[in-house]
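Q: Sequence first, then the predicted structure, then my questions.
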Amino acid sequence: MRNHRRRGLTALATIASLASVSVLAAACGSDGDDSESDGKVKITVEGWRPGDEQGTIDAVNKLADEFMKDNPDIVVEPVEWEWSAETFSTQLAGDTLPTTFRVPFTDTKGLAERQQIADVTEYVNELPYAEEFNPSVLAAATGTDGKIYGLPTDVYGVGLHYNRDLFEEAGLDPDAPPTTWDEVREDADAIAEATGQAGYVQMSANNTGGWMLTTLTYTLGGRLQSEDGTTASVDNPATAEGLQMLHDMRWEDDSMGKNTNFEWGTINEAFAAGKIGMYMSGSDVYNALVTTNQVDPDSYGLAVLPLSDSPDAGVLGGGSVAAVSAKASDEEQSAAVLWNDFYREKKNYDPAAAEADAKVLAESDQPIGTPTLPIFDEPTWQGVQDAIAPYVNVPQDQMSSFREGIFDQSLVPEPASHTQELYAILDAVVQKVLTDENADIAALLADAQSQAQALLDS
Amino acid sequence: MSSLLTRARGSASTLVFLLPMLLVFGLFSWWPIVRSVIMSVQQTNLVTDPEFVGLDNFRAVLEDPLLATAVQNTLWFALLALVFGYPVPLILAVIMSDVRRAKGLYSLLAYLPVVIPPAVAVLLWRFFYDAEPTGVFNSILGKVGLGPVPWLEDPAWAMPSLVIEATWAAAGGTVIIYLAALVSVPPEQYDAAEVDGAGVLGKVWHVTLPHLRGIMLITLILQIIGTAQVFLEPYLFTDGGPNNSTLTVLLLVYRYAFQNTTGGDYGKATALSLMLAVALALLSLVYFRLTRRWSE
Amino acid sequence: MSADESRGITSEYERGRPLFKIGRTLLNGLVLLFLVLVCLGPILWLAKSAITPTQDTLRYPLELWPNGVDWENLRTAWVDIDLKLYFWNTVIIAFGSWAVQMLVAVTGGYALSVLQPRYGRVLYGLVLATMFVPAVVLLVPLYLTVLDMPFTHWNLVNTYWGAFLPAGASAFNIALVKRFFDNLPREVIQAARVDGCGDFRLFWYVVLPMSRPVLGVVSVFAVLAAWKDFIWPLVVLPDPAKQPLSVRLPRLAGVTELDVMMAALLISCALPIAFFLVFQRLFLRGGLDGAVKG
């Protein structure tokens, strides 16, 4: 009896493994491209972020169906995707990238230079609005070779996001957000005192620390790189002033909480959970706060960043480019640009398209009316805003400081060269200041400066 | 029986039996090893053809200011792991070996953390390590009037915090190894020690520990090799921070390959991997020579 | 195993002395308490938090359900954040890796130990040598290999084969099985040979039936290792719909409410714990002889 069972077990194991080997052969053998045999071009497209709610997924799928009705030769499959430098190159090599996806302004030039995203100049130039892009925005999608590597689809300016409930709890007026960094510091202190939550938090990890330190530097009138990206100026008075302020808030006021390791996603999560009074992030982050983190709309407020008196003070602006995988065929590239036009770009240009898009989004309760900045000229942008006005479902009143103030601020692009690597160097500086009370800011900056310059010289 | 016939038949069927091993090892172990040597002298973006660059990758790694940080941190991790992690299983195993009732329960409890998937353990401990006074560990410390400790939020505390979790996760396995070795202590040796008038500690010192000597050396080297490869904890806990205080060699390899926004510097990643592998191979050599001498 | 029952470090005489007895009981009790608090404690805490509302876990981490129990978390984790999908993915990966490891280890061990080809020693040396190459060192070249397999040009990325097959290259398994086969009574094998047993019959009817213990040990460690694996599946399975729990959980941690996340963590370690409890004997005793002396 026992003997039989034993034999049965091992036999089973052997058979299972042998069977699986033949299945492997079959599975891999049939891995041909049946997608194009029926004359259709099949593309996968960035659809939603990990953790997004079902409504977001439904809305994308619905728009994909509509697109396919208009373009019967194209099959569009939206997939979960989020830009991550970490997985990008393996996905590219593994052919597991979607055909088209969004890339931050900061990474577009590097990817183009290494030929990891496709030159789509001819397809972009076929679009009706190709000549009308705001030149500085189009520049972000243009490689050093002058070719166009995608459609710039959304532009943000950094804003100050704040929790109105915590403001009230601390006895502050939620309709009067701080307008100077001193006030930020005072309010943060008041919030921490009264509520026990962190009054002000700043991202510090995964290159976002550098991103936000750059933002802070800009508001104080400093720059981290020369405009042509050849000279680093990390060790400048504005950056030092910003770091000193962070240091004082963290260690003197104790108004930044004890946990300082935050990046884009985790800071959103903590903010939506009511653990953060104020933080800086792109003006469009409200969308993610709603679809991914289910923030309470009533508690949300958005203000412009305080700028110093320096004539160079400005607010960091960035955005994303809808790029196309370098491995896509010509047909796929063309289809991908068409999809991006339909799904992302036309609604920035054509009021009718914007309205149609808003309608679909409204049906699945997706946020409409989150502040963006013009990709074309301002009248075009205004026309689109007017068209979607009836569908707006985000608390625009609570964003009025930003909506009214942003056009008076000068938008400064991110450092031009080796941006993410520069951010990585600055991450360590920010982390040091936030985790070590005795951090020597001058020495940190001098060291970071030499690293940053070495980067540009290499 | 014709020996010729059996040999002919034998060698063919031997190959059949060896085939799965040859295929799997060849494709997924030997070839990648060879390939990493090739890649370490190449530069590739995975799209266009790789380019031969000689020893440039090695030079670039050696010139990276982060390398020294990473090596130091890895050594620091290994040292802390020895201080915390090495004696704990030994002490536990010696005491547990003398437990008479419910011995199985002791082993069961000791081994339990080993079966928890590391990703789960790290996510759980990350919450325990909340630096606010209301965090789990800080609440416990608060009850006895200590803390709050900044745990992962302080360059000095971050590494010890990782080591504590790593020790928690791995100690059970070592305890079980020691326990197995202790089963074979000849009872006569204890009897003899008692005749010589040895107390309990005397017996532990003169009989138990000498008996474990060989195993202790093996676990020591294995632990050093293991800690040299620490990756998951710094990756999931702190991503190398704060201020690179938990950046380990393997995390640096990973960053070169997968986090570098210049698109994956596989040449540098494999170059550093190879240097690490050579260091570990030397260590293994020492290990073999030592174990041979000890087991003689 | 019975030797330690007859005597340990302490003698029966010593254990009989009253003061000594108290001290020893105290020490053993303290160790037990330590093990319960340190090893079991975090898991019990996790189980508690999995059914506690977020705010309670945040504000009163050490209290037992100040505002009641929320069983809904478990359902939310299983259904709403789709843990069931990742759970089954993990099961598939564990089963497949187990099957591949068994096949490779048993056939390879048999060939090396029993059939003993002339080049066997060299081959075994090559297998053992891979033990000293850290897994992460191979991450990149292995990934590129799986991406475009030699000769066939199959791309195993985003297929479970990409997770199963590399798991088979475990020198530890081969060593364990070979050593076990080495210790099988040679007379039995000789006798079978004399009876005219060929290599396959010998394998199937003589060697395999005698190797149940080692197969059990290889199996439990194979399944557990597959369940715990993180970095390789992270790289080889970029498609979220195919990922196992280990890879998915850190991704979800940033976007999932705390109470649901705790429930997800609990679910993720429930199966390995149950598996361990069922096969504890294999875990706690079986693997050791090979591991220690190998």
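A: Now that the structure is in, tell me what you want to look at. Values in this document were obtained by computation on a predicted structure and should not be read as measured data.
Q: quick one: contacts for A:Asn259?
A: A:Asn259 sits next to A:Ala198, B:Asp130, B:Ala131, B:Glu132, B:Glu153 when contact means C-beta atoms under 8 Å, 6 or more residues apart in numbering or on different chains. In short, each C-beta sits where N, CA and C put it, glycine included.
Q: Give me every residue in chain A lying close to chain B.
A: Taking C-beta under 8 Å from any C-beta of the partner chain as the contact definition, chain A meets chain B at A:17, A:85-90, A:92-93, A:107, A:110-111, A:114-116, A:204-207, A:257-261, A:326-327, A:418, A:420-421, A:424, A:427-429, A:431-432, A:434-436, A:451.
Q: change it to 6 Å
A: Residues of chain A lying close to chain B by C-beta under 6 Å from any C-beta of the partner chain are A:85-86, A:89, A:93, A:114-116, A:205, A:258-260, A:326, A:420, A:428, A:431-432, A:435.
Q: which of the residues you listed count as buried?
A: Among the residues of chain A next to chain B, those classed as buried by 16 or more other C-beta atoms under 10 Å in any protein chain shown are A:85-86, A:89, A:93, A:114, A:116, A:205, A:258-260, A:326, A:420, A:428, A:431-432, A:435.
Q: Burial check on residue 103, number of neighbours?
A: I went with chain A, as the question did not name one. 23 (other C-beta atoms under 10 Å in any protein chain shown).
Q: meant chain B, my bad for not saying
A: 17.
Q: Excluding chain neighbours, what is closest to it?
A: B:Met96 (6.8 Å; C-beta to C-beta, 6 or more residues apart in numbering or on different chains).
Q: distance of that neighbour from chain A?
A: 33 Å (C-beta to the nearest C-beta, to the nearest Å).
Q: right, and the helix or strand after the helix or strand that residue falls within?
A: Using DSSP states H and E, B:Met96 sits in helix B:87-97. Sequence-wise, the next helix or strand downstream of helix B:87-97 (DSSP H and E) is helix B:103-115.
Q: other SSEs contacting that next one?
A: In terms of contacts (3 or more C-beta pairs under 6 Å, 6 or more residues apart in numbering or on different chains; DSSP states H and E), helix B:103-115 is packed against helix B:155-182.
Q: Quickly list the domain ranges of the chain.
A: Since you didn't name a chain, this refers to chain A. Chain A breaks down by automatic domain parsing into domains covering A:41-155+A:318-391, A:157-317+A:404-457.
Q: My question was about chain C, not that one.
A: If you go by automatic domain parsing, chain C breaks into C:3-75, C:82-293.
Q: and among those, the most buried is which?
A: Counting by mean count of other C-beta atoms under 10 Å in any protein chain shown, domain C:82-293 has the highest mean neighbour count of the domains of chain C, with a mean of 20.
Q: close to chain A, is that one?
A: Yes: counting by C-beta under 6 Å from any C-beta, chain A has neighbours in domain C:82-293: C:99, C:102-103, C:147, C:154, C:157-158, C:161, C:208-209, C:212, C:238, C:240, C:251, C:254-255.
Q: Give me the subset of these that lies in helices.
A: With helices defined by DSSP state H, the entries of those inside them are C:Ala99, C:Met102, C:Leu103, C:Leu147, C:Trp161, C:Leu208, C:Pro209, C:Arg212, C:Arg251.
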